[in-house]
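Enquirer: Quick one, structure for this:
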Amino acid sequence: MPAARGRPTVQDRSVPPHEQDAVGGPVRGALADAGLTTWEQVDALGDGELLALHGVGPKGVRLLRAVPDAPA
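Expert: Model (predicted):
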């Protein structure tokens with residue numbers, strides 16, 4: 001996947017959730033608008049709470065949940 005707007009192409013938890021290229025722009029915008037800038041904040045929310053954010057659908061939740069931990 002090519003880098004979009006200078007963001008890294010490798011998706012892992014070293015990249016903040018609101019900057020993940022693995023999810024679409026509406027999901028990134030919803031996370032940023034909600035002030036969710038760390039993985040701990042995203043992980044603390046249930047799927048229903050994420051789905052309640054405008055711009056986050058079932059696919060967005062699946063993609064967020066699938067982002068692996070940063071390589072050691």
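Enquirer: Give me the nearest residue to the residue most central in space within the chain, chain neighbours excluded.
Expert: In the chain, the residue lying closest to the centroid (C-alpha atoms, centre = their mean) is residue 17, at 3.7 Å. Nearest residue to residue 17 in three dimensions, chain neighbours excluded: residue 42, at 4.8 Å (C-beta to C-beta, 6 or more residues apart in numbering). Backbone N, C-alpha and C define where each C-beta goes, glycine included.
Enquirer: Enumerate every residue touching the one you found.
Expert: Residue 42 makes contact with 17, 31, 36, 50, 64 under the criterion C-beta atoms under 8 Å, 6 or more residues apart in numbering.
Enquirer: And residue 63, by the same measure?
Expert: Applying C-beta under 8 Å, 6+ apart to residue 63 gives the contacts 20, 22, 23, 27.
Enquirer: Kindly report the same for residue 12.
Expert: Contacts of residue 12 (C-beta under 8 Å, 6+ apart): 67, 68, 69, 70, 71.
Enquirer: This structure: helices as residue ranges?
Expert: Per DSSP state H, the chain carries helices over the ranges 25-33, 39-44, 47-51, 58-66.
Enquirer: For burial, what's the neighbour tally of residue 65?
Expert: For residue 65, the count of nearby residues is 11 (other C-beta atoms under 10 Å).
Enquirer: Output the contacts of residue 12 as CSV; include the columns neighbour count and distance to residue 46.
Expert: Below are those laid out as CSV (neighbours: other C-beta atoms under 10 Å; distance: C-beta to C-beta, whole Å):
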residue, neighbour count, distance to residue 46
67, 17, 17
68, 10, 20
69, 9, 20
70, 11, 23
71, 8, 27
